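Student: Have a look at this fold, sequence not included:
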Ligand code: NAP
């Protein structure tokens, strides 16, 4: 599905070039040398190249000050050839990720983390939606799984995944339960889910006895383990119970990157007042 979306996005980029003689520009700010971040950034560059988005990585040393990173953000805000900006997380501990995100022009906030975009999401207004939850909603839509009237259970309540995910499901008329570290009897809640989205970062958290037969199970978790990465769901056992299940690796991850490209292209289309057909 992600590959199909990337193909569609490449066509949108070509249309923007044809009608506005413009190319979407994406800036990725990478502070420090966290090895996982290097891989994420490389994946983003690869996807950008594939769809025709011009991407640039702005590398700052781990010792960079908040003011130095803010200065880079301000330069990129003012650069008319840059339509999307993101700060790769995590940033070194002496920096405030929230303050950096808040300094990004909301129109260029392709991660959808800016308070203005999150506020608009809460109000049900048009906004840039965080890539991972947007990818999950896209998957549900494309597989014909309509959340309306269904019980959706989201495990995890982060600003990056859990909270925007639950708001999007609510907006799609699901009845939403949000679980977290302090939830008593997690299995009691997950067993009621028609749609179960798990974003925790604990491999094996969700076992087959915690899943309603026929449920759509979406595993957002990514944890580095020996020999690769693992999700939060016991895939081999849960697939026997679930109606739908996403694998890790290969499920939500590639969709997230595809949605980042979509957000960057949408930002460029808005900038050039170009509305793609359909
Ligand atoms: P996070 O900020 O650490 O949030 C984790 C959430 O899980 C918190 O809300 C926490 O509850 C909750 N939690 C922890 N232990 C729990 C338990 N035993 N039972 C129920 N809830 C529990 O992480 P995140 O940024 O949301 O990411 C979650 C996972 O998704 C990570 O593995 C991350 O790598 C992955 N991820 C994947 C993608 C992708 O593209 N596939 C994108 C983003 C993140 P409290 O709030 O009470 O602490």
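Tutor: Perfect, thanks for sending it. It should be emphasised that the depicted structure is a prediction, and the values quoted were computed from it without experimental measurement.

Student: Please make it C-alpha for all contacts and neighbour counts, starting now.
Tutor: Will do.

Student: buried residues in the helix or strand hosting residue 102?
Tutor: Taking DSSP states H and E as the definition, one finds residue 102 inside helix 97-103. Within helix 97-103, the residues that count as buried by 16 or more other Cα atoms under 10 Å are 97, 100, 101, 102, 103.

Student: List the residues that contact residue 260.
Tutor: Counting by Cα atoms under 8 Å, 6 or more residues apart in numbering, residue 260 touches 110, 111, 131.

Student: ok, and it, which helix or strand is that part of?
Tutor: helix 252-271.

Student: can you tell me the average pLDDT over that helix?
Tutor: Computed over helix 252-271, the mean pLDDT rounds to 98.

Student: quick check, it touching the ligand?
Tutor: Yes: legend: contact between helix 252-271 and the ligand by Cα under 6 Å from any ligand atom is shown at 252, 253, 256.

Student: Likewise for stretch 161-168?
Tutor: Yes: counting by Cα under 6 Å from any ligand atom, the ligand has neighbours in stretch 161-168: 161, 162.

Student: same thing with stretch 94-114?
Tutor: No: contact between stretch 94-114 and the ligand is absent, the nearest approach being 10.8 Å (criterion: Cα under 6 Å from any ligand atom).

Student: let's have the chain start at 4 instead
Tutor: That works, and once the first residue is 4, the last one we named lands at stretch 97-117.

Student: Other residues contacting that stretch?
Tutor: Residues from elsewhere that reach stretch 97-117 (Cα under 8 Å, 6+ apart): 68-69, 72-73, 76-77, 80, 85-90, 92-94, 118-121, 130-134, 162-163, 263, 266-267, 270.

Student: which parts of the stretch 154-281 of the chain sit against the ligand?
Tutor: Residues of the stretch 154-281 of the chain lying near the ligand (Cα under 6 Å from any ligand atom): 158-161, 163-165, 182-185, 202-204, 223-226, 255-256, 259.

Student: Of those, keep whichever come out buried.
Tutor: 158-160, 163-165, 182, 202-204, 223-225, 255-256, 259.

Student: which ones among those residues are found in strands?
Tutor: Residues from those lying in strands, with DSSP state E as the criterion: 158, 182.

Student: Which parts of the stretch 154-281 of the chain are helices?
Tutor: With helices called from DSSP state H, counting those that start in this stretch, the stretch 154-281 of the chain shows them at 165-174, 189-193, 238-241, 255-274.

Student: list the buried ones in the longest one?
Tutor: Yep, that's helix 255-274 we're talking about. Result for helix 255-274 [16+ other Cα under 10 Å]: buried residues 255-272, 274.

Student: now swap in the third one and tell me
Tutor: Counting neighbours by 16+ other Cα under 10 Å, one finds that the buried residues in helix 238-241 are 238, 241.

Student: How far away from the center of its chain is that helix?
Tutor: Taking Cα atoms, centre = their mean, to the nearest Å, the mean C-alpha location of helix 238-241 is offset from the chain mean by 24 Å.

Student: ok, and the closest non-adjacent residue to residue 135?
Tutor: Among residues not flanking residue 135 along the chain, residue 259 sits closest, at 4.7 Å (Cα to Cα, 6 or more residues apart in numbering).

Student: Thanks again, I'm all set now.
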